[in-house]
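Visitor: Coordinates for the following, if possible.
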Amino acid sequence: MSDRRGAFLLTAFLLLGGCGFSPLYGKLTPKTDMSEELAQIYVDNIPGRYGQELRLALQKNLAGAGPEDPHKYMLKVSSGMNEEAVDIHQDNTSGRTRSTGSAHWMLITVEQNPRLLAQGDATTLDGFNTTFEQYFAQTLNDETLQARVSDTLAQTMTQQIAIWFRNHNMPEKAAPDELPRYLNTDRMPDDNGNAATDRTGVDGFPASATGRLSRSTTSTSAQ
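Guide: Take a look at the predicted model:
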């Protein structure tokens, strides 16, 4: 039985090779590994605490288990993380904090006249349940959330860059969603008599309907 299973697995791998399948982080050429190419990317400074966490996560993913050798490419990243208080209770406290993280990256050559090789976008959604009775735990949860968002965005960007090295196809940019608007009865109409409106959040509900509060963290590299 084990011999038959081994023969089946070997045949399956051979068929995958015939279909043009190759590991994403495998060899680019007979003499070049993907890991070696990724290790040659220098991650430009990303300001702020959240930005530094994102930069460290990118450096870890790009360098892998080997030593860093960033002298061929430069990666510029601008990123933002928006936190929303959702699950509003009757006493106006929130039961959960939800975070939406986004990042835009540009891969540039390191030479006298730098060239833009590729660029793309990454997004992620995360959150945690709030515990107002324990302030230290709340702060720790928020810091852990930022670390998770940074790590997820770094993994997505590393994968997108590896795909570009593999086939030089640019990541597709998602079309912006046309979100509906709702009347905001707490605001006065403008000078032309038009009623004030608010856009919905990512969950489809307006902030005025849920009592949601938002705060954002943005890190933009100098261009």
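Visitor: Check which helices and strands whichever helix in the chain runs longest is in contact with.
Guide: Using DSSP state H, we find that the single longest helix of the chain is helix 135-167. Packing partners of helix 135-167 (3 or more Cβ pairs under 8 Å, 6 or more residues apart in numbering; DSSP states H and E): helix 34-38, helix 48-63, strand 73-88, strand 94-109, strand 116-129. For the C-beta atoms, the positions are set from N, CA and C on the backbone; glycine is no exception.
Visitor: I'd like those laid out as CSV, including mean pLDDT and mean neighbour count.
Guide: Listed next are these as CSV, based on pLDDT from 0 to 100; neighbours: other Cβ atoms under 10 Å:
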stretch, mean pLDDT, mean neighbour count
helix 34-38, 82, 18
helix 48-63, 92, 19
strand 73-88, 87, 20
strand 94-109, 89, 19
strand 116-129, 91, 16
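Visitor: what's the closest of those to residue 149?
Guide: strand 94-109 (3.9 Å; Cβ to Cβ).
Visitor: before we move on, back to that, any chance of TSV for the helices and strands packed on helix 135-167, columns distance to residue 144?
Guide: Listed next are the helices and strands packed on helix 135-167 as TSV, based on distance: least, Cβ to Cβ, whole Å:
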stretch	distance to residue 144
helix 34-38	27
helix 48-63	11
strand 73-88	13
strand 94-109	11
strand 116-129	7
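Visitor: among these, which is nearest residue 193?
Guide: Using Cβ to Cβ, the helices and strands packed on helix 135-167 put strand 73-88 closest to residue 193, at 31.4 Å.
Visitor: so the closest one versus strand 116-129, what angle?
Guide: Counting by axes from the mean of the first three to the mean of the last three Cα atoms, to 10 degrees, strand 73-88 lies at 30 degrees to strand 116-129.
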